[in-house]
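Enquirer: dropping the sequence and predicted coords here.
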Amino acid sequence: MHPARSNRGRLVFYAITIAAIIIVFLKFSELRYIGDLFRKSNWHYLGIVLVVEFFSYLAQALNFQAVLKIKQHHVGVWELFPISYVVQFISQAIPTGGLSGQVFFIYYLRRYGITFAEGFGRAILEVASLYTAYALYFITAAILLVRADAFQNEPRLVVFIYAVVIFFGICSFVIFLSQKRKRDSRIHWLFDRAARYVKKSSLMQMPGLRAINDHSDHLAMIKDQFNATLGWEHFKKNIRLFALASFWQVVHLMTHVVTLFVISHALGTPIAFWICFIAFTFSKFISMISIVPGAPGVFEGVMTLVLLAFGVDAHIALAATILTRAFTFWLPMPIGWILYHRYMRQFEKMNDNLVVS
């Protein structure tokens, strides 16, 4: 393997590790509080949560498998299962709305002969299936809020509805632009203009920015993948597999709702399932779009606020939120870090073998 490539891979690993350590350092007080809550909770219920979270990552792996089938690639679910932990870990350590984890996944898929372009198209489909699942959750949550007259008791909840409508409006606009013919599409015009600027700009000829210029052709690839992946003809052809991928996203999200519900029982003060559903839906969405690494404080604040709006005791609301955070955020982090280190070593060996042969 080329020494520069090896060193670059190790630097990325160390950078992500340092980012994770910083998160742990900043939230050390939260970790101590989690330890206190564990000692006061019913351990039988916490065991159930571990089983639920296992199925959470299994559902994620099944989503990966269904999306890859749309791209005409077949990978075993148990080969994808550990990758779900790694993607989660990297996405938490580097706040890019989940894109950082996708970059690793695209790199990982090279071992199956999947090109960068195909990997990027797969990432688009996965995100589309996730947003489809979110749309179903938000519609359901909004109906539950209206039926419970929650907006009268806590008017600030309306802000979340506006944020969701705007977010999905932007996503719908991107999909709409992708359906147009190449010469008429504004999104294609934007990509073409960006690619020409990168190629011709004198600024991009500077030594520090030359690497960006070398990859300017990737803009054309991204443009083509948006058209091919989100195009109606391609989507209609694979509607069943996309529906299956979206179903596994729904299951994946539901396991976290169940986690919150079971944890409330472990604390001795059960919270109604529909309230858990609403609290998780909104807190997950806000943490997903947060630019803060792992969204520390964002997830906890939003979920606690929603639970308080439904009359849950402040101590129970905070404790249930923190324990949910422990199982959905903190527990997978060391697992993801260990697996990430393992895969990086495998990549190095794989590249070494390619050079030798």
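Expert: Done, it's in.
Enquirer: helices and strands of this structure: which one bottoms out on pLDDT?
Expert: Least confident helix or strand, the chain: helix 210-214 with a mean of 44, by mean pLDDT, DSSP states H and E.
Enquirer: counting contacts, what elements does whichever helix or strand residue 104 is part of pack onto?
Expert: Using DSSP states H and E, residue 104 falls within helix 99-108. In terms of contacts (3 or more C-beta pairs under 8 Å, 6 or more residues apart in numbering; DSSP states H and E), helix 99-108 is packed against helix 77-93, helix 116-147, helix 332-356. Heads up, the C-betas are built off the backbone N, CA and C, glycines and all.
Enquirer: pull out the buried residues from that helix.
Expert: Neighbour counts over helix 99-108 (16 or more other C-beta atoms under 10 Å) mark 100, 101, 102, 103, 104, 105, 106, 107, 108 as buried.
Enquirer: closest to residue 141 among those residues?
Expert: residue 101 (25.0 Å; C-beta to C-beta).
Enquirer: show residues contacting stretch 135-150.
Expert: The contact list for stretch 135-150, computed with C-beta atoms under 8 Å, 6 or more residues apart in numbering, reads 151, 157, 161, 164, 168, 246, 250, 253, 274, 277-278, 281-282, 285, 309-310.
Enquirer: just put the buried residues of helix 99-108 in CSV and tack on distance to residue 263.
Expert: Below are the buried residues of helix 99-108 laid out as CSV (distance: C-beta to C-beta, whole Å):
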residue, distance to residue 263
100, 28
101, 25
102, 29
103, 32
104, 30
105, 29
106, 34
107, 35
108, 32
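Enquirer: which member of those residues is positioned nearest residue 336?
Expert: Ranked by distance to residue 336 (C-beta to C-beta), these are led by residue 101 at 9.3 Å.
Enquirer: surely the closest one is in contact with residue 90?
Expert: Yes. Counting by C-beta atoms under 8 Å, residue 101 does reach residue 90; the two are 4.5 Å apart.
Enquirer: returning to that earlier point: report the rounded mean pLDDT for the helix holding residue 104.
Expert: The average pLDDT within helix 99-108 is 80.
Enquirer: that helix to helix 116-147, inter-axis angle?
Expert: 140 degrees (axes from the mean of the first three to the mean of the last three C-alpha atoms, to 10 degrees).
Enquirer: and for helix 99-108, what's in contact with it?
Expert: For helix 99-108, the external contacting residues (C-beta under 8 Å, 6+ apart) are 64, 83, 86-91, 93-94, 116, 119-120, 122-123, 126-127, 340, 343, 347.
Enquirer: show me which of these are buried.
Expert: Taking 16+ other C-beta under 10 Å as the criterion, what is buried in the contacts of helix 99-108 is 64, 83, 86-91, 93-94, 119-120, 122-123, 126-127, 340, 343, 347.
Enquirer: quick one: residues contacting residue 78.
Expert: residue 61.
Enquirer: from residue 84, how far off is it?
Expert: Distance, residue 78 to residue 84, by C-beta to C-beta, to the nearest Å: 11 Å.
Enquirer: just want the angle from the helix or strand residue 65 falls within to helix 116-147.
Expert: Secondary structure assignment for residue 65, by DSSP H and E: helix 43-70. With the same axes, to 10 degrees defining the directions, helix 43-70 sits at 130 degrees from helix 116-147.
Enquirer: mind listing what's buried in helix 43-70?
Expert: 45-46, 48-49, 52-53, 56-70.
Enquirer: give me the neighbour count for the nearest residue to residue 263 once chain neighbours are set aside.
Expert: Distances taken as C-beta to C-beta, 6 or more residues apart in numbering put residue 323 closest to residue 263, at 4.7 Å, once the chain neighbours are dropped. Residue 323 has 26 neighbours, counted by other C-beta atoms under 10 Å.
Enquirer: which parts of the helix or strand hosting residue 323 are buried?
Expert: According to DSSP H and E, residue 323 maps onto helix 314-325. For helix 314-325, the neighbour count (16+ other C-beta under 10 Å) marks 316, 317, 318, 319, 320, 321, 322, 323, 324, 325 as buried.
Enquirer: tell me who's in contact with the fifth one.
Expert: Listed by C-beta under 8 Å, 6+ apart, the contact partners of residue 320 are 260, 263, 264, 267, 271, 307, 312.
Enquirer: ditto for the fourth one
Expert: Under the criterion of C-beta under 8 Å, 6+ apart, the neighbours of residue 319 are 37, 267.
Enquirer: and with 10 Å instead?
Expert: Contact analysis of residue 319 by C-beta atoms under 10 Å, 6 or more residues apart in numbering lists 33-34, 36-37, 40-41, 263-264, 266-267, 269, 304, 313.
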